[in-house]
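coordinates for the following, if possible.
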Amino acid sequence: MTRRTPALALPPWLAHALRAQRGPVPWSAVVRGALAAGPLLLAALAAGRASLGVVAAVAAMLAGINDRPGSRRVSVRRIGVPALAGAAGLCAGTYAGDHLGAVALTLVLTVLGLVAGGFSAVGPVASGAATQLLVTSAIGAGMPLPDPGWQRVLAFLAGAGWLLALRLALPTPGPLTGATPRDFRLDFRFDGERAAVAGVYDAVAALLDAAGTQHAVARRAALTAALDQAQDAFAGPRLRRYASSSAERRLHAQYAAALPLAEAATALAWAGESVPRRASEGPRRLAAAVRAGAHTGPLPAPTRSAPGLRALDDALLHAAVAFDRGRGDDLHTRRRSPGSVLRTVLGAGGREYGLRVGLCFGAGAAVAQALHHAQWYGLHRHWYWLPATAVFLVKPDLGPLVSRVLCRAAGTVLGALVFAAVAAVLPRPGGLVALVALAGALIPVATRHFAAQTAVVTVLVLALVMVGGEPQASAGRIGETLLACAIVLVVGHLPMPGQRGGGVRARLTAAGDAAHAYLAHVLSEPDDRARRWTLRREAYRTLAEARAAIALAAAELPALARHSRGADEIAATLERLADTTTACAVHLDDTGRLTPRHLARLAELRDELAERRDHAGVRLPELPLTG
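Coordinates of the predicted model:
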């Protein structure tokens with residue numbers, strides 16, 4: 001008899017560094033990457049303006065990093081807002097570098113880091129904009145270019161705008177297969193929205209299949225992720241001046257019709273009892289109808305033996321009507337007031353984020369300036385690389401600190417060695433331009449792992465340096481990366497004013513407030529369903545954001561991970577509260593009153609939250625219960 005030895009468990013910080021995202025190859029983004037930086041650089045060389053071509057290629061590269069899967073309307077904000085911030089940073093850095101000394105320049109960059117770091121806590125788009133602002137301000141201050149500042153800014157906007165134009169204009173292969181109605185046959189602009197809405201119906205069906213099993217919790221989380229993706233898909237500007245397109249109106253209606261279905265499925269999963277297999281057939285047929293742009297046809301009705309099943313049947317009937325009429329409530333927007341954004345920036349998470357980004361960016365600029373004036377280790381040519389690298393390393397939304405450092409160091413060394421070997425045999429400048437185009441095409445695939453992304457970006461940047469007329473700089477690139485890694489490791493572990501883990505606590509507080517608002521509305525105004533579904537979306541979305549922040553914090557070194565101890569238990573309790581609130585809403589719709597089981601569960605969760613928040617030091621509101 002053989003004895004099996006237990007597998008060696010890696011520490012979380014190392015396991016995260018070895019983990020990569022999975023999924024199909026985004027061929028459309030690969031084509032856009034190949035058509036972005038390389039052709040821009042080739043056109044600039046043909047016009048005799050190589051330096052401006054380098055700036056445009058850098059902008060296209062940064063835009064390519066933000067070119068993620070999703071709808072076209074989302075890409076306008078996801079690519080366009082950071083591009084505008086990058087242009088502003090390039091302008092500020094250029095004129096600061098031309099008119100300020102080393103000490104004053106370092107102070108200006110540090111202040112920019114403090115402000116941009118605080119705004120990074122607002123959300124992914126704000127974080128991307130802050131990153132580009134800081135990176136381009138360092139480039140503008142240190143990159144030796146013969147062109148005036150305004151020409152650099154225009155070249156940068158042209159590079160980012162070119163990739164955005166490709167994103168909006170090029171069709172995505174595949175999504176129109178099987179589409180028969182005229183509205184969908186050529187309207188490829190809405191393929192991202194269509195895929196996202198269909199994913200919601202598939203997630204509803206999967207949750208119904210998992211009801212009463214151990215997989216229900218994971219399937220409910222997957223439904224939340226699908227709803228978040230669909231909500232984001234509709235969040236950008238409309239692609240027409242007026243929403244007169246029947247395809248767009250129909251997609252709005254199909255998304256709105258999914259919300260009561262998701263609510264009913266969550267209530268059935270909360271009940272802990274399996275549902276008939278027939279119940280999931282309706283959502284699956286709705287998903288197929290969304291993808292094909294076809295009518296739903298007859299939908300199998302579930303039995304109406306319980307409040308959740310009756311709610312599911314009503315939701316299916318509502319969805320069938322909404323699909324046929326192509327009209328629905330506009331419930332997809334997620335608005336944030338300027339006051340809430342400011343509170344996030346000035347809150348605990350924003351302050352901690354801003355301090356660390358400002359210190360890392362400022363320290364990187366100070367060390368780089370000292371080495372620049374000493375002309376040491378080859379960094380006197382590209383001193384701006386050091387603070388720009390520190391910006392990417394200090395961003396916690398890119399992963400835990402040690403994981404980011406390990407991946408950045410490994411990726412830079414690999415990319416620099418590959419470029420040194422390839423550059424020795426490539427013809428110039430044609431071979432280097434082809435290498436830039438190849439690297440641009442690989443960025444959408446490489447973004448699945450920070451080390452791979454770093455390696456590809458390193459090759460692209462080193463190729464641009466040589467196209468600009470400078471010598472091969474692989475050794476300098478490795479040197480500045482290792483210095484930036486050391487700076488970020490030191491600053492990342494420094495004690496800061498206030499309590500550590502402010503970002504996690506801020507996310508948990510927002511999730512608690514959203515769950516409280518959702519429950520209060522259900523108990524006080526159960527008939528206002530439109531408002532209820534909006535609050536439900538916000539409650540589950542903020543919980544998902546808190547979960548993501550907690551997972552990243554847990555993968556830090558023990559010295560940092562301990563500051564978020566207990567947060568995962570609070571998030572789990574809040575998720576159970578949101579599920580219970582959903583079950584209460586469905587039951588109130590059906591009977592107008594709550595059962596003793598619902599009331600007992602709410603009281604239990606109230607006591608559990610009160611105990612956990614006292615231990616973890618998280619501010620959570622009192623639940624609106626009287627019994």
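
wait, what's in contact with the most centrally placed residue in the chain?
Nearest residue to the geometric centre of the chain (Cα atoms, centre = their mean): Pro124, 4.9 Å. Each residue near Pro124 by Cβ atoms under 8 Å, 6 or more residues apart in numbering is listed here: Arg78, Asp397. For every residue, glycine as well, the C-beta is placed using N, CA and C.

what's the answer for the one 5 residues further on, then?
Ala129 makes contact with Val81, Pro82, Leu84, Ala85, Gly86, Phe119 under the criterion Cβ under 8 Å, 6+ apart.

what secondary structure does it sit in?
At Ala129 the chain is in helix, as set by DSSP: H, G, I helix; E, B strand; the rest coil.

check what pLDDT it gets.
Predicted confidence (pLDDT) at Ala129: the value is 95.

in the stretch 1-150 of the chain, where is pLDDT below threshold?
By pLDDT under 70, the low-scoring segments of the stretch 1-150 of the chain are 1-8.

repeat that with 80
For the stretch 1-150 of the chain, the stretches with pLDDT under 80 are 1-9, 13, 23.

and the stretch 401-550 of the chain, by the same measure?
492-503.

all the strands of it, residue numbers only.
In the stretch 401-550 of the chain, no strands are found when defined by DSSP state E, counting those that start in this stretch.

just the stretch 1-150 of the chain next, same as before
Counting by DSSP E, counting those that start in this stretch, the stretch 1-150 of the chain contains no strands.

and the helices in it, which stretches?
12-18, 27-34, 37-46, 50-65, 72-99, 102-120, 124-142, 149-169 (DSSP state H, counting those that start in this stretch).

burial measure for the residue nearest to Ala225 when sequence neighbours are not counted, as a count.
Nearest non-adjacent residue to Ala225, counting by Cβ to Cβ, 6 or more residues apart in numbering: Ala544, 6.7 Å away. For Ala544, the count of nearby residues is 19 (other Cβ atoms under 10 Å).

can you say which of the contacts of Ala129 are buried?
Val81, Pro82, Leu84, Ala85, Gly86, Phe119 (16 or more other Cβ atoms under 10 Å).

of those, which is the nearest to Leu41?
Gly86 (17.7 Å; Cβ to Cβ).

how far away is the nearest residue to the closest one once chain neighbours are set aside from Glu525?
Spatial nearest neighbour of Gly86, chain neighbours left out: Gln132 (3.5 Å); criterion: Cβ to Cβ, 6+ apart. Applying Cβ to Cβ, to the nearest Å, the value for Gln132 to Glu525 is 43 Å.

show me which of these two is the more surrounded one.
Using other Cβ under 10 Å as the criterion, Gln132 and Glu525 rank with Gln132 on top: 29 against 11.

so who does Val81 touch?
Neighbours of Val81 in contact, by Cβ under 8 Å, 6+ apart: Val125, Gly128, Ala129.

now with 10 Å, please.
Going by Cβ atoms under 10 Å, 6 or more residues apart in numbering, Val81 touches Asn66, Val125, Ala126, Gly128, Ala129, Gln132.

same question, Leu45
Gly53, Val54, Pro429, Gly430, Leu432, Val433, Val467.

out of those residues, which are buried?
Gly53, Val54, Pro429, Leu432, Val433, Val467.

hmm, the fourth one is touching Leu426, no?
I take that to be Leu432. Yes - at 6.1 Å, Leu432 counts as touching Leu426 under the criterion of Cβ atoms under 10 Å.

anything in contact with each of these two?
Phe419, Ala463, Met466.

now the helices for the stretch 251-400 of the chain?
Using DSSP H, counting those that start in this stretch, helices in the stretch 251-400 of the chain cover 281-292, 307-325, 338-346, 348-374, 385-394.

mean neighbour count, those: which tops it?
Of those, the one with the most neighbours on average (mean count of other Cβ atoms under 10 Å) is helix 385-394, at a mean of 27.

residue contacts, the closest residue to Ala271 other than its chain neighbours?
In this structure, Ala271 finds its nearest non-sequential neighbour in Gly308, 6.1 Å apart by Cβ to Cβ, 6+ apart. With contacts defined as Cβ under 10 Å, 6+ apart, the neighbours of Gly308 are 208, 211, 263-271, 273, 275, 279, 302, 582-583, 586-587, 590.

run the last query once more with 7 Å
Ala264, Ala267, Leu268, Ala271, Val586 (Cβ atoms under 7 Å, 6 or more residues apart in numbering).

for Arg565, same thing?
No contacts exist for Arg565 under Cβ under 7 Å, 6+ apart.

dihedrals phi and psi, it?
phi -60, psi 140 (degrees, to the nearest 10).

the helix or strand encompassing Asp228 packs against which elements?
Per DSSP states H and E: Asp228 is located in helix 216-233. Counting contacts by 3 or more Cβ pairs under 7 Å, 6 or more residues apart in numbering; DSSP states H and E, helix 216-233 is packed against helix 191-210, helix 246-271, helix 529-554.

burial check on Ala600, number of neighbours?
With other Cβ under 10 Å as criterion, Ala600 counts 12.

distance check, Thr591 against Ala265.
Applying Cβ to Cβ to Thr591 and Ala265 gives a distance of 19 Å.
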